[in-house]
Every structure is written in C-alpha cells, then in structure tokens.
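Engineer: Kindly return the folded structure for what I paste below:
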Amino acid sequence: MHDALEDIRATIAILKGQIDRYEGKEYTDEDGNAKIGQSSMI
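Structural biologist: As a prediction, this is how the structure comes out:
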C-alpha cells in the first residue's frame, strides 16, 4: 500500500541527498558573488 507518509519520507530523502551533495560546493548567487554552500537545516 502506498500512502502519504511514504511520499513524505521519499521527499525528505531526496532533499537530504541534495543538501549532502552540494554542501561545501562553491556557487555564484544572483548578484554574482561567489559563495560556499552550507546547510542550516540539519
């Protein structure tokens, strides 16, 4: 059976994977400033 809780868990796993992948990576913000990715969520 597929339910909403499974969807939520899958979404959390995907978002955590993205945070883990890009944390510490350099990027350029919309103003052209170089930034280092960091997570304030976990």
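Engineer: hey, where'd the strands end up in the chain?
Structural biologist: Ranges of strands in the chain, per DSSP state E, are 26-28, 34-36.
Engineer: Now find how far off-centre the first one is within its chain.
Structural biologist: On the basis of Cα atoms, centre = their mean, to the nearest Å, the separation between the geometric centre of strand 26-28 and that of its chain is 15 Å.
Engineer: cool, and stretch 15-34?
Structural biologist: Distance, centroid of stretch 15-34 to centroid of chain: 9 Å (Cα atoms, centre = their mean).
Engineer: Report the buried residues of that stretch.
Structural biologist: For stretch 15-34, the neighbour count (16 or more other Cβ atoms under 10 Å) marks no residue as buried. Bear in mind the C-beta positions are built from the backbone N, C-alpha and C, glycine included.
Engineer: that older thread, need the strands of the chain in JSON lines (columns: distance to Asp20).
Structural biologist: Compiled in JSON lines, those are given as follows (distance: least, Cβ to Cβ, whole Å):
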{"stretch": "strand 26-28", "distance to Asp20": "15"}
{"stretch": "strand 34-36", "distance to Asp20": "15"}
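Engineer: Dump those into TSV; add mean pLDDT and distance to Arg9 as well.
Structural biologist: As requested, the strands of the chain are arranged in TSV below (pLDDT from 0 to 100; distance: least, Cβ to Cβ, whole Å):
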stretch	mean pLDDT	distance to Arg9
strand 26-28	87	28
strand 34-36	86	29
